[in-house]
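> pasted the sequence and its predicted model underneath.
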Amino acid sequence: MATLDDPGFAAALQKPYRPPIVAPGHTTASVTDQISAVVLQRTPKWWFFGFAGAFSLLMVFLVSVTWLFAKGVGVWGINWPIGWGFDIINFVWWIGIGHAGTLISAILLLLRQEWRTSINRFAEAMTLFAVACAGMYPVLHLGRPWLAYWLFPYPNTMNLWPQFRSPLIWDVFAVSTYATVSALFWYVGLVPDLATLRDRSRNRVAQIIYGFGAMGWRGSAAHWHNYETAYVLLAGLATPLVLSVHTVVSFDFAIGIIPGWHATIFPPYFVAGAIYAGFAMVLTLAIPLRALFNLEDFITTRHLQNMGKVMLATGLIVVYGYMSELFFAWYSGNVYEMFMAWNRVFGPYRWHWYTLLLCNAVVPQFLWLRRVRTSPLWLFVISIFVSVGMWLERFIIIVTSLHRDFLPASWGLYHGTIWDIGTFVGTIGLFLTLFFLFIRFLPAISIFEMRTIVPGSHGGEYSEVPE
Amino acid sequence: MNPKKANPMDSVNAKGKCEAAGVRPPEPARLDLAEVRERLRAKRGPEFWRSLDELAATPAFQDLLHREFPRHASEWTDGVSRRRFLQLASASLALAGLTGCTKQPVEKIIPYVRQPEQLIPGRPLYFATALTLGGYATGVLAESHQGRPTKIEGNPDHPASLGATDVFTQAAVLTLYDPERSQTILRAGRQGGTWGGFVGEAGATLRALQAINGRGLRLLTGAVTSPTLAAQIADLLRRFPEARWHRWEPAGRHQSAAAAARAFGRPLETRYDFTRARVIVTLGADVLCEGPEGVRYSRDFADGRRVRGDRQEMSRVYAVESVPSHSATVADHRLQLTPPQVEAFTLALAQRLGAAPSGGPVVSDATAVRWLEAVAQDLEQNRGASLVIAGEYASPAAQVLVHAVNQALGNVGSTVYHLEPLEADPVDHVASLRELVRDLNAGQVELLLMLDGVNPVYTAPADFGFAQALQAAQKNTVLVHHGLFDDETSEYCHWHIPAAHELESWSDARAFDGTVSLIQPLIDPLYGGKTSHEVLAALSNQPDVTSYDVVRQFWSTRLTAGGAFEAAWREALLKGLIPGTAASPTPAALAGGAVEQAAGEILAALGRVEQGQITLLFRPDPAIWDGRFASNAWLQELPKPIVKLTWDNALILSPKTAERLNVSFHETVEVSAGGRKVDAAVWILPGVAEDTALLTLGYGRKRAGKGTGQGFNAYALRTSNALWSLPAVQVRGTGGRYELACTQNHHLIRGDEVNEDALATEAAAERHVIRTGTLAELRHDRDFIQKEREKPAADDSMYPNYKYPGHAWGMAIDLNVCTGCSACVVACQSENNIPVVGKQQVLAGREMHWLRIDRYFAGDLDAPQIHHQPLPCMHCETAPCEVVCPVAATAHSDEGLNDMVYNRCVGTRYCSNNCPYKVRRFNFLRYSDKDTPVLALVNNPDVTVRMRGVMEKCTYCVQRIEQAKIESKVEHKPIAANQVQTACQQVCPTRAIVFGDINDPQWDVTRWKADPLNYGLLEEINTRPRTTYLAKLRNPNPLLEPAEGAEHGHA
Amino acid sequence: MQIFHRSTNTVAKVSIFGSIFFLAFFGWVYSTLLRSSYVTGQYVVKKQPVPFSHDHHVRGLGIDCRYCHTSVEKSSFAGIPPTETCMNCHRQIWTNADLLEPVRASYRDGLPLQWTRIHDLPDFVYFNHSVHIAKGIGCATCHGRVDKMPLMFQDASLQMEWCLSCHRDPVKNVRPRQEIFNMSWQPPADPQQAKALQARLAKEYDIHSLTSCSTCHR
C-alpha cells in the first residue's frame, strides 16, 4: 500500500489551478464554531418536520414487516417463476448506495484527495444506514425468517453446516464484514470531534454522552499518533471491501444459470454501478444539507463537481455493461441468451428497460457540461434520476431474467403489491430517520479534518495543500 | 381418532339454511369501503378492534375483500388474531422474538382396546372395491391407514382399470372427507330431521299409496347398473305397480342409445377393441379420456402406438373434430372442421365407402376432399382392422352412419362389438325425465324420491323447467332428496337424506364390459350417510337393514360359483370383481332404411346451416364431469387438460372467431339462443374450429360447497333437443372482465395475452422442448432424435463424476402415448399431501402441483398440433438448485435423488430461481389446511405436511422407494425389478411413465432409456436430468403428409 | 473541567475485553441449554395413566419385548399393546389392584388407554424400527436399559447429532441378531475381539453408513 508521504501522489496531484476546498476567510476557529454550532445550537424547525416525515415512513415499515411475518412472503408479489422481487432488488439497491461512503473515506484518503474531507463524514454515515437497510432484506425475504441464524456457521445439535458453495453464504460474510469495518471506520473518525463537542457543549447530559463517545480523547500527541495509524490501517482494510462486497453480491446472479444472470461482466459492472448509485445518493443528501445548514463554504462547488465527474465516469462503465450484455447475447449465438436480450428490449417489461436507459445512460450525459456539473439544482435532479435508474437496473436483472427463462411453459409475470411498496418505502423511512438523527446529534462534517485543510493552518500532517 | 368428533359439524350446517323449502338462502349483503368506515367510525379502543374482528368474519366483508383486493383476499384465509398481530408487531420491532426453538408439544399414544388381526400398526392395508362414474364401475384398490382411506390405486385385475385410474377416481378420497358434504338429515331445509322421522313420514305416505297401487310414487335416479339396487327397485315396483322409475344421467350416453335404437332397433351399447385396430378415425369423438371405459381404451390405444425396441409398427390415427380432444393430441393427422362440417365429412365418408346412398356434393373444401380420399383408402386397405368412431357427441344420424361404415368395413366383430344394455331396465333418459316433469306439473306425483345425488334442478335440460315444476309440486308432493351434498335440488325438497360415499358403502356395480364388482366400505359413514340400498329398504319397512345385508342377501342366491357362497363371496371381495360376469357381444343387424333416413337428416341439417353461425358445444368438464365433483378442490384446481384453466370453465373460442367477435381473454360475453342466455368469460384456445364455441358442464352452481359460484352454467342453455351441440348461438361482448386462472403463461398483462401463445410456441420450437419425428424418419435413421441437439460429454464438468454404486433412480416419460389426461397430477397430489391454494393464488402464479403437464402448440396456431409434456422434478445429477441453497436443504442422495428437506429449508427461493425447469413449488402462505381436522385424515402419513415458507417438489415418491428398500432389508432379499412405482406411473392409463433403477438392466426404465428416441430436456445445459423423455412419433399417411408439410413439427 | 473520574479509563478498557468473554459465555450457555433435558426431554419421567414398570415386567418377569411391542420387527412403529394384551395376564393376577383400574375400565368400556408418548421424534423424521432390528441394532442401544426403568423415560437425546453419530459409523453399535432383545448384552470386553466381531457382523448384515437426507426426511 502506498505510504502517505510518497511524493508520487503529491506529484500526481499537481494541477495548474484548483479552487480551494474551503471558502476563503476561514480560520480553524471559525470552522470549528460553524460546524459544531450545527449540533449544539437549538434544533431548527425544519428538522422536526423532516424527522416527523421520516419517522412516519418508518412506521409504514413496521406495519409492512409485521404483516409479512404474520402471513408469510406470499403477501408480496413473488410467485414462480419469479422467486425474488422487491426484496432482493431493494437489497442490492441499498448495498450499492452503501458504497460511496467508504470509497470516499478510504480510497480517496489513500489517494490523498483532500477535497473528500468535508463530505466523508456524512457519506460514511449514509453508508452505514444504507447497509443497515440492505441488511434487513436477506432476513425479511426468507420464508421462515426466524431461522435466519442457520446461515451462520455455528456448532449445532443438527451437526450441520451451512452450504459454503452458495453465494448467499458469501453474502452473509461480505455484508457483515463490510458493515463492521465501515462502522469502526466511521466511529474512529468521530472520536476527536466527539471530544470537541464534549468540550463545547454547555449541558451536562450532552457532555457525558459525548464524553462516553470520545473515550477520554484529550488530543495529546500520543493520541494523535495512534489515531492516525489506526485511521490509515482501517482505511487500508476498508479499501478492498469496497470492491469485494458488490462483487460478491453480483455472484448471487452470476453463479446462477439463468440467462441474464449467468454473465462474467457482472462483478465489475456491479461495483461501478454501486459507486454510481452511491455518489448519486451522496449528492442527493449533500445538496440540501449544505443549503439547510449553510455549509456552502465547506461543501463547495468543487466537491459537487468532482462527485459529478465520478458519476459520469462510473455511469459510462455501467452503460458499457448494458451494451456488452446485449452484445454477448448476440455473439454467444445461444438461443436462451438471445431470447433474454430480445425480451428485455421488446418483452412485457420493455418500458422498464427504456426508462432505465433514460435514467442511467442519457440523463447523466449532461454531466459533460461544466455548467451542469457546477449547478447544485441540476446535480440534484440528475442524481435522483440515477437513483431511480439503478433501482430499475436491479428490477431488470432480477425480474425480466426470471419471468421468461428456459421452458416457455413456465413463463410468468410479476407485479409488486402494496406490501412490497410498503416495505421499500419503509426502509427509506428507516434510512432517513437515522440520517436525521445523525445530522442533528453528530457533526456532519469532520471538524478536525477541516481544521487541517484550512489554508495556513498547521494542524495535522496532511496540511500542505497543493497549490 | 374419531373423525365424527374431529369434524366441526355446525360450521357446515350453518351454510345453506333456508326458512322453508324452496326459499333461496339470502345473498351475502354487499358492502363497500365507505360502509366499513361508517361501521367503525363510532368505535374507539378495544371496541373498535372487536368490531373490526367481527366485521372481518362476516361474509359481506369477505365479499368486499374479494371485490376490492382479490390479490390479497387469500392472505386472510388463515386467521391472525389482533393480539397475535400486535405481538408480531412488537417482535418485528426487534426483528426477533419469532424464535424457532420451541419445545415439542406432548403427544399421546392411543392403542387399540382389541387390535383387529391382520392389521399391523404403521403399515397400510389395501382393499379391493370399485368406484362408479355415471353408474359404471372402475375397480380400485383403496389404501387404508389404520382405517382411514388415503389413496386410490387401480385394480390390475379389473378390466376397466388394469391398474390405472382416471382423475375422478383419484380424487374420490377427498370427496369422502369433504367437510362440505351434508351431515344431517334436513327437514324442510332445517336441521333436526331424523331417520326415524323420515321413515315414519315416508312410510305413512306409502301406506296411503298402497291402496292405489302406488300411483303417484316416483323414483328418480341416475344410470343404474347395480344388480342389487335394480333388484330392490324392481321389488318396489312389484309392490307398487303404478309407481314409476325415472332416470336422468346428465352426461349419459343419450344420443348413442338413440342412434343404436335407430340402427339396430334396440339401445345396444357399442364397445371398441383398440388392440386390433391398425387405422383409427375419430369423428368428433374423444374416447380416451371420456367416460368410464376411457382408462381401458387408453391402455389399448397406447399399446397400438408404442414403438419400442424391435417393434417398429404403430397404428395410424385420424382425428376429425371441432374442439381439440385428447385422442387428437396423439393422432397422426388432425382435421379441424366446424361441427356441421364434421357431420358432413361423416356422411361423405360413409358415401365414399358405399355405406350410405350417394347424393349431393357434401364436402367441397379442398383439404377435406383430399382427406376423404386418403382416409377412405387407408380404411379400405385395413378392412376388419380399422375403426371409425363417432361417439356420444355426434348426432344420432351421424352415429347411425358410422355403425354402417364399420359394418361395411367388416370391423364389427373384430374392432367393434355391441353389448346388450348394461343399465338396468334401459330407458330414454330424456323422455323419462320429460314425463316426470309433466306429471309434476299435472300434480300427479305424491312422493318423489330422488336417489343417489341426482340433482335435476341443476342438471335437467333448460327447456324442462324442472325447478319450477318442483316448486309447484311442493304443496301436495312429498319431495325427498338423497345425496352427498345439500345441493340445488335438496333446497326444494321436504327431506334431504345425506348419502354415504362409495368408500363408506356396501354395493355393487357393472363395468363398461359388464363385469360386476362388489363395492365394500373402508370406513363407517363419516357424516352418518345412508346408501340408496338402505333408503329403499326403509321404504319397504326394513328401516334398520344395512346395505351389507341387502347386497349379501342379493348375492347369496346368485353367487354360488365354485360351490360354497362364502368362498365365492370372499374371492369376489378379494379380487374386486365377480369372475365371468362380463357381458358377451351380441349380434346386431342394421335396421333397413335407418341409413337412408340418417343420410337424409344430415343433408337437411346441412341445408339449414348459414355461414358465420356459431355452434356452441357442451361437453362434460374434464375436471368436474357434470358438476358432481364441483366441491372437490383437487379437481377444481387441476389444470384442465389442453386449456389449463383452473376453478372455472369458460366460453372457449378460436383465435379467429374471438377476433371476429372482438372479444379477448377474461372478457365477459352473453351467450344466447332460443330466448335463453348465460353470461360467460372468454378464453381463446388454438385448435378450436372457427364458428365454434365450447362450454363445459358442471359450473355456475349455487350450492356446491367449494364449487359454489365458480364458472358459468352451461345447463342454462342445454335443451333436450340440443344435448351436446347447440346451433346458431349469439355471442355478444358485455364489456365486463372476469379473471380466469390459467396455470400456463399466466396472462396478467392486458393486451399482451394473444401474442404470448405465439411467442411461447415459437420459443418452444427453437428450443426443441418437444422432439417429434415420423416413423419413416426413425426407420431411415434410428438416431435422428439424438442428432437433433448437441449433448455435452459425460465428463463435461469441473467436478469428477459421482459414481452411483448402488441403486440409481431414474424416470422416462413416453411423449408418444401421453394423452394429457392428468390422472398423474391428481395421483401425485393425493400421494404427496400437496395443498390446494385456491383461485386467487393460482392467479398469482403459485399453484403447488409437483407434477405439471406442459401443453405446447406447434405449427399454425389456427390449426396447431398439440403436445403434452408431463414435468416432474428432473433430479439432475448436476442439479443447479443444490449449489445455491445456503443451508443445504436440498442435497443429492447417494442414489441420485435430489432430496428436499422441508425442515431444513429457510425459504430463500434461490433454488427455484436457479431451476431451469421451474419444478420447485414454494409455500408462499400457509397452504396446508390445518384448521379443518377432518382434512388431516386424507393425508398420507408417510409424507411430511409442509408448513408456510418452505420449498417443496417432486421426490420421485421417495417414501415408496424407502419403504421398498426397508422391506428388502427386513426380508433379506433384493428389490425385484419394477417393484417400486411412483404414484404418477402407477395411475397412468397409457403407461407413459416408467420409473426405476437405471443401474439394473432388469428394470423397464433401463430399456426405455436405451431407446434411440430417449432424450433429456435441456440436456445441452449439462444438468444431466434423471428424468428423460421419449420423443413423440407420428405415422403420417403419405397421401396427406406432403401437403401437411413434412417438417417434424418441433414444439 | 473533568466530567469523568480517571477510573473510567480502566473501566472502559476492561469492558472491551470483558465483552469478548461475555460473548463466549453466552455461547456456552446457549449450546448447553439446547442439549439440556429441558429441551430434549431426556431422563424425564412423564405421567402415565398407569405407572407401568418395565423393570418389573422385563427384568422381574422376563417378558420378551415383542410380547407387547408386536410390530417392532414388521413395521416402522413398534406398537403399543392393546388393552387386551394387558388383560391376558391381569384377568388372572392383580385382578382388583387399584393401580390397574384404568386398564380394566378401558377393557370394560372399550375406551382406549391414553399413554403419554416418551420417545417422540418430530413429525418430519421417519424412523423405522423393523429395519434397525433387521440390521442388528439392539433395543438397548437407543432405549437404554429399559429393564432397569421402574418408570419409562427417554434415555437418549434423540437429537439429530445423536442419530448421525451412529448413522455415520453404524458398525460400532451392531450386535448379533439373536442378542437384539437382550437388554444386558455387552460387546466383548477386549477391544480387539469387539472390533473383529462388529466388523464381521457389519459384513454379514451388509451395513453401510446412510446419511442421505431422504433416509429419514420425506
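Now that the structure is in, tell me what you want to look at.

> which strands and helices sit next to the longest helix along chain C?
When chain C is scanned for its longest helix (criterion: DSSP state H), the result is helix C:7-35. Packing partners of helix C:7-35 (3 or more CB pairs under 8 Å, 6 or more residues apart in numbering or on different chains; DSSP states H and E): none among the helices and strands. Where you see a C-beta, it was placed from the backbone N, CA and C, and this is true even at glycine.

> how far is it from where the chain is centred?
Average the C-alpha atoms of helix C:7-35, do the same for its chain, and the two points are 35 Å apart (CA atoms, centre = their mean, to the nearest Å).

> for the stretch 1-150 of chain B, what are the low-confidence residue spans?
Within the stretch 1-150 of chain B, the segments meeting pLDDT under 70 span B:1-103.

> could you redo the last one with a cut-off of 80?
B:1-105, B:115-118 (pLDDT under 80).

> now do the SS call for whichever residue of it sits closest to chain C.
Scanning the stretch 1-150 of chain B for proximity to chain C using CB to the nearest CB identifies B:Gly122 as nearest, at 3.3 Å. Following DSSP: H, G, I helix; E, B strand; the rest coil, B:Gly122 is assigned to coil.

> with B:Val883 instead?
Following three-state DSSP, we place B:Val883 in the helix state.

> residues near the nearest residue to it once chain neighbours are set aside, how many?
Nearest non-adjacent residue to B:Val883, counting by CB to CB, 6 or more residues apart in numbering or on different chains: A:Arg165, 4.8 Å away. Residues contacting A:Arg165 under the criterion other CB atoms under 10 Å in any protein chain shown number 14.

> next one: the one 10 residues further on
A:Val175 is flanked by 20 other residues according to other CB under 10 Å.

> contact partners for it?
A:Ile95, A:Val131, A:Ala134, A:Gly135, A:Pro138, A:Val245, A:Val249 (CB atoms under 8 Å, 6 or more residues apart in numbering or on different chains).

> ok, for B:Phe857, nearest residue in space, not its chain neighbours?
Distance criterion CB to CB, 6+ apart; nearest residue to B:Phe857, sequence neighbours excluded, is B:Pro864 at 4.0 Å.

> residues from chain B in reach of chain C?
When proximity is defined by CB under 8 Å from any CB of the partner chain, chain B lies next to chain C at B:101, B:103-104, B:106-115, B:120-123, B:891, B:893-895, B:897, B:899, B:901-904, B:942-945, B:955, B:958-959, B:961-962, B:966, B:969-970, B:972.

> check what pLDDT residue 197 gets.
Chain wasn't specified; assuming chain A. According to the model's per-residue confidence, A:Leu197 sits at a pLDDT of 87.

> oops, I was thinking of chain C
The confidence metric pLDDT takes the value 92 at C:Leu197.

> quick one: what helix or strand has it in it?
Element membership of C:Leu197, judged by DSSP states H and E, is helix C:191-204.

> ditto for A:Val38
Going by DSSP H and E, A:Val38 is part of helix A:28-40.

> and that helix with chain C, contact?
No - taking CB under 8 Å from any CB as the criterion, helix A:28-40 and chain C are apart, separated by no less than 15.9 Å.

> ok, then the element right after that helix?
helix A:45-71.

> residues of that following helix that come out buried?
By 16 or more other CB atoms under 10 Å in any protein chain shown, the buried positions in helix A:45-71 come out as A:50-51, A:54, A:57-58, A:60-71.

> pLDDT and neighbour count for the contacts of A:Val175 - can I get that in TSV?
TSV is the format used below for the contacts of A:Val175 (pLDDT from 0 to 100; neighbours: other CB atoms under 10 Å in any protein chain shown):
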residue	pLDDT	neighbour count
A:Ile95	92	28
A:Val131	92	24
A:Ala134	92	25
A:Gly135	91	20
A:Pro138	92	20
A:Val245	89	28
A:Val249	92	26
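
> may I ask which two of the residues you listed are separated the most?
Within the contacts of A:Val175, two members stand farthest from each other by CB to CB: A:Pro138 and A:Val245, at 13.1 Å.

> where does the chain have low pLDDT?
Just so you know, I chose chain A. Within chain A, the segments meeting pLDDT under 80 span A:1-42, A:100-101, A:104-105, A:107-119, A:293-298, A:448-467.

> chain C, not that one
Filtered on pLDDT under 80, chain C yields the residue ranges C:1-4.

> can you give me the strands in it?
Under the criterion DSSP state E, chain C carries strands at the ranges C:115-116.

> which bits of it sit near chain A?
Proximity of chain C to chain A, by CB under 8 Å from any CB, involves residues C:3-4, C:8-9, C:12, C:31, C:34-35, C:157, C:159-161, C:164.

> give the PyMOL command for selecting the buried subset of these.
Typed into PyMOL, the next command selects the buried ones out of the residues of chain C next to chain A (criterion: 16+ other CB under 10 Å):
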select buried, chain C and resi 4+157+159+160+164
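
> from the residues of chain C next to chain A, which two are the most distant?
C:Ile3 and C:Leu164 (56.8 Å).

> tell me which helix or strand of chain B sits lowest on mean pLDDT?
None of the helices or strands of chain B scores lower by mean pLDDT, DSSP states H and E than helix B:9-13, at a mean of 32.

> returning to that earlier point: if we take the contacts of A:Val175, which one ends up nearest to B:Ala398?
Distance from B:Ala398 was checked for each of these by CB to CB. The minimum falls on A:Pro138, at 65.1 Å.

> element containing the closest one?
A:Pro138 is located in helix A:117-140, with elements delineated by DSSP H and E.

> what is that helix packed up against?
Packing partners of helix A:117-140 (3+ CB pairs under 8 Å, 6+ apart): helix A:86-97, helix A:100-102, helix A:167-200, helix A:266-292, helix A:301-332, helix A:418-441, helix A:447-453.

> could I get the full set of helices for the stretch 751-900 of chain B?
Listed in chain order, the helices of the stretch 751-900 of chain B (DSSP state H, counting those that start in this stretch) span residues B:753-766, B:775-780, B:823-831, B:839-843, B:880-884.

> closest one to B:Phe198 among those helices?
The closest of those to B:Phe198 is helix B:823-831. By CB to CB, the value is 34.6 Å.

> shouldn't A:Phe69 be in contact with A:Pro145?
Yes - contact criterion CB atoms under 8 Å: A:Phe69 and A:Pro145 qualify, at 6.7 Å.

> tell me the centre residue of chain B?
Most central residue of chain B, judged by C-alpha distance to the mean C-alpha position with CA atoms, centre = their mean, is B:Ala623 at 3.6 Å.
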